[in-house]
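In: Dropping a prediction and its sequence here:
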Amino acid sequence: MGQHSQSLDGIFQALADPTRRAVLKRLGEGSASITDLARPFDMALPSFMKHIRFLEGSGLIRTRKEGRVRTCSINRQQFRAIEAWLTEQHAIWEGRTDRLERFVTAQAKEKS
């Protein structure tokens with residue numbers, strides 16, 4: 001299992017949680033402070049911070065501290081990795097379904 005695969009594992013684990021997906025959706029609109037991101041969730045800040053650390057650890061977001069405010073932003077590079085993997089999987093499955101369709105069509109012609 002290579003670095004690319006381990007990176008994808010972390011990304012998909014991060015995306016598996018609805019709170020983290022909601023944070024990513026919000027960050028898709030632009031950078032936000034952790035306080036602003038945490039506001040809609042009914043959880044203590046330390047619990048919310050675990051989600052932020054997980055997202056940051058997976059590489060999906062970046063944080064920077066300006067004075068006393070920590071601001072989060074999307075790391076678009078990681079989303080390109082997801083897109084590349086999904087495109088690769090799509091091509092594989094498209095090829096498999098095309099072969100299956102040819103097989104079924106050939107079988108139907110042989111029977112008629």
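Out: Everything's here; your move.

In: For residue 74, list each beta-bridge partner.
Out: Beta-bridge partners of residue 74, counted by DSSP bridges, are residue 61.

In: does it really touch residue 24, like I thought?
Out: Yes: in this structure, residue 74 is within contact of residue 24 by CB atoms under 8 Å, at 7.0 Å. The C-beta positions use only the backbone N, C-alpha and C, and glycine is treated the same way.

In: what residues are shared contacts of the two?
Out: Both residue 74 and residue 24 are in contact with 60, 61, where contact means CB atoms under 8 Å, 6 or more residues apart in numbering.

In: How are the helices of this protein distributed by residue range?
Out: 3-15, 18-27, 34-38, 45-58, 76-111 (DSSP state H).

In: hmm, which helix or strand of the chain has the shakiest average pLDDT?
Out: Within the chain, judged by mean pLDDT, DSSP states H and E, the helix or strand with the poorest mean is helix 3-15; its value is a mean of 79.

In: Report the distance from stretch 103-112 to the chain centre.
Out: Relative to its chain's centre, stretch 103-112 lies at 41 Å (CA atoms, centre = their mean, to the nearest Å).

In: State the mean pLDDT of it.
Out: Averaging pLDDT along stretch 103-112 gives 80.

In: Just the C-alphas of that stretch, formatted as CSV.
Out: As requested, the backbone C-alpha atoms of stretch 103-112 are provided in CSV (Å, rounded to 0.1, in the frame of the first residue of the first chain):
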residue,chain,number,x,y,z
PHE,A,103,-21.0,-10.5,-23.7
VAL,A,104,-24.7,-10.4,-23.0
THR,A,105,-25.4,-9.1,-26.6
ALA,A,106,-23.3,-11.9,-28.1
GLN,A,107,-25.0,-14.5,-25.9
ALA,A,108,-28.4,-13.2,-27.0
LYS,A,109,-27.4,-13.4,-30.7
GLU,A,110,-26.2,-17.0,-30.3
LYS,A,111,-29.5,-18.1,-28.8
SER,A,112,-31.6,-16.5,-31.6
